[in-house]
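>>> Just a sequence and a predicted model for now, questions to come.
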Amino acid sequence: MCIARAENGGGSRQGDCWRMRRLRRLPMPRRPRYKGGGMLSFDELSTLARAAGVDDLGVTPIAGEWLDEENARFQDWLHRGLAGPLQWLCDGAEARAKPWTLLRAQREITDEERERFQAEGSALVLWITARPGIPTKPDGLYGEIAYTGQGRDYHNVARRILKKLQRALLESDPDLAMFSSCDAGPVLERAFARRAGLGFIGKNHLLIHPTYGSYGHIAVLLLSKSIEGAPERPILPTACGDCDLCLRHCKTGAIGPHGLNVRRCLSFWTIEHRGELPPEIEQKLGLHIFGCEDCQKCCPYNRERLQPQCPQNPDPEVWRPDPARIWPHLPTWLRSIPDLTGSALNRPGIEALTRTLLCALTNAALQNPRFIPDATEALTRALNDDRPLIAQTARRQLARIHNKF
């Protein structure tokens, strides 16, 4: 039910207006059609974007042979079954192939005008740099939270920037049709970023910016018009050379020649999966609590860009916690995270997060015997948990410790 109807007791302001016009015997006005207008200035867009927090931006046509090739590559990745359980990625196939059909405006848009969008439309691609922290504990036994889980959820950060740009664009041209996406819509963001010259695709299948590395987020703003004065940036070829550090640092072998194998990726198991972890994943999980960025930490393009602390919170104990310390006080640790309501840590949920934490605590004990008393005590207490997932995980982790020691 429409929120407007619910708040107005089943009616709406538009409905009241319609009734008033009918009583006055006045005809309803037709919705104005999309009229189009002049070209947008790249310099103006660049100023707005950088003021909103964007580090780099580029422009690419909304359609072309390049998009057909990228879409065919994506479909091949799906057909190989590398998406694993993420079957929702199969949705929106037509929109990915024809992104101009996603454009929306405040005015009515005809089919003829959509066809014109295909020829005249453009995409403004934004690069928003992330600044992750690095471990500060000398023994290396700390719970790892990937940079996507540190600070505010990057989806919310990108949406805020996109909304600022959209508001400014609509003020200058109310007839403009747009569509924005940041890792949530049926848009091949990485392909658009590569075509816009923002970076190259590395062997880890991530976009690597020549200046900022791969620690960043891509947002795409599809526009119904071309952008005046946009610089032509070349498409960058892969610049990894003979380096294969990302391949060697991936513990599960998730990185393959045809793309990332989701079923082997620790980020999938720690963020998206809600059930029990397979034994082979538990063993290779290490101390990962949320996500995995092993293939990025080792990348030469990222080595000089890691910072000693997470900029959103200077306390390293929050983003690099001791698994034995936070397990008995997990709710307290979660409350210590700034703006938890806007954090990506909410995505797996408290139960799945606890499950992963128990596995990380067990791996810490297997790496260093000084963790065994804390791990055994925590796992024994978890055996009586009312949640079957937690109790079963604890039973399995205790067996792992007893079998080794």
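On my side now, so go ahead.
>>> which SS state does residue 277 fall under?
Using DSSP: H, G, I helix; E, B strand; the rest coil, the structure places residue 277 in coil.
>>> ugh, wrong one, I meant residue 247
Secondary structure state of residue 247, per three-state DSSP, is helix.
>>> wait, isn't it in contact with residue 203?
Yes: the criterion here is Cβ atoms under 8 Å, and residue 247 meets it with residue 203 at 6.3 Å. (C-beta placed from N, C-alpha, C; glycine too.)
>>> overlap in contacts of the two?
In terms of Cβ atoms under 8 Å, 6 or more residues apart in numbering, residue 247 and residue 203 are both contacted by the residues residue 255.
>>> Mind jotting down where the strands sit in the stretch 101-250 of the chain?
Per DSSP state E, counting those that start in this stretch, the stretch 101-250 of the chain carries strands over the ranges 122-129, 144-145, 178-181, 200-201, 207-208, 216-223, 227-228.
>>> which stretch in these has the least confidence?
Note on the strands of the stretch 101-250 of the chain: strand 144-145 shows the lowest mean pLDDT, a mean of 84.
>>> can you redo the strands of the stretch 101-250 of the chain as a markdown table with mean neighbour count and distance to residue 388?
Below are the strands of the stretch 101-250 of the chain laid out as a markdown table (neighbours: other Cβ atoms under 10 Å; distance: least, Cβ to Cβ, whole Å):
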| stretch | mean neighbour count | distance to residue 388 |
| --- | --- | --- |
| strand 122-129 | 24 | 40 |
| strand 144-145 | 25 | 26 |
| strand 178-181 | 22 | 37 |
| strand 200-201 | 18 | 42 |
| strand 207-208 | 23 | 40 |
| strand 216-223 | 25 | 36 |
| strand 227-228 | 16 | 54 |
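>>> Any idea which of these gets closest to residue 370?
strand 144-145 (19.1 Å; Cβ to Cβ).
>>> In CSV: the strands of the stretch 101-250 of the chain, plus distance to residue 54.
Converted to CSV, those look like this (distance: least, Cβ to Cβ, whole Å):
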stretch, distance to residue 54
strand 122-129, 5
strand 144-145, 25
strand 178-181, 13
strand 200-201, 20
strand 207-208, 15
strand 216-223, 8
strand 227-228, 15
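>>> ok, residue 187 touching residue 218?
No: with contact defined as Cβ under 8 Å, residue 187 does not count as touching residue 218 (9.6 Å).
>>> Residue 175: neighbouring residues, count only.
Using other Cβ atoms under 10 Å, residue 175 is surrounded by 17 other residues.
>>> my read: it touches residue 105, true?
Yes: taking Cβ under 8 Å as the definition, residue 175 is a contact partner of residue 105 at 6.5 Å.
>>> Residue 152 versus residue 215, what's the distance?
15 Å (Cβ to Cβ, to the nearest Å).
>>> the domain parsing of the chain - what is it?
Split into domains by automatic domain parsing, the chain comes to 1-30, 40-138+147-228, 245-404.
>>> so which of those gets nearest residue 238?
Of all those, domain 40-138+147-228 comes closest under Cβ to Cβ, at 5.2 Å.
>>> Could you give the separation of that closest one from the chain centroid?
Chain-centre distance of domain 40-138+147-228: 12 Å, with Cα atoms, centre = their mean, to the nearest Å.
>>> For residue 215 and residue 152, work out which one has more neighbours and name it.
Higher neighbour count among residue 215 and residue 152: residue 215, with 23 against 15, using other Cβ under 10 Å.
>>> Check the more buried one and give its pLDDT.
91.
>>> got it, and residue 41?
Each residue has a pLDDT score; the one for residue 41 is 86.
>>> Check residue 76 too.
For residue 76, the predicted pLDDT is 96.
>>> wait, what's in contact with it?
Applying Cβ under 8 Å, 6+ apart, one finds that residue 76 lies in contact with residue 258.
>>> returning to what we had before: now distance to residue 235 too, for the domains of the chain, in CSV please.
CSV is the format used below for these (distance: least, Cβ to Cβ, whole Å):
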stretch, distance to residue 235
domain 1-30, 44
domain 40-138+147-228, 6
domain 245-404, 18
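>>> The ones you listed: which one's closest to residue 236?
domain 40-138+147-228 (4.0 Å).
>>> Give the burial count for residue 381, as a bare number.
Neighbourhood size, residue 381 [other Cβ under 10 Å]: 12.
>>> what comes up buried for the host helix or strand of it?
Using DSSP states H and E, residue 381 sits within helix 372-382. Buried residues in helix 372-382, counted by 16 or more other Cβ atoms under 10 Å: 372, 374, 375, 376, 378, 379, 382.
>>> so what's the residue nearest to residue 174 when sequence neighbours are not counted up against?
The shortest distance from residue 174 to any non-neighbouring residue, by Cβ to Cβ, 6 or more residues apart in numbering, is to residue 106 (6.2 Å). Neighbouring residues of residue 106 by Cβ under 8 Å, 6+ apart: 170, 174, 175.
>>> next one: residue 382
358, 390, 391, 393, 394.
>>> Adding pLDDT, secondary structure and distance to residue 80, write those residues out as JSON lines.
Putting the contacts of residue 382 into JSON lines (pLDDT from 0 to 100; DSSP: H, G, I helix; E, B strand; the rest coil; distance: Cβ to Cβ, whole Å) gives the following:
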{"residue": "358", "pLDDT": "91", "secondary structure": "helix", "distance to residue 80": "33"}
{"residue": "390", "pLDDT": "93", "secondary structure": "helix", "distance to residue 80": "35"}
{"residue": "391", "pLDDT": "95", "secondary structure": "helix", "distance to residue 80": "37"}
{"residue": "393", "pLDDT": "96", "secondary structure": "helix", "distance to residue 80": "31"}
{"residue": "394", "pLDDT": "94", "secondary structure": "helix", "distance to residue 80": "36"}
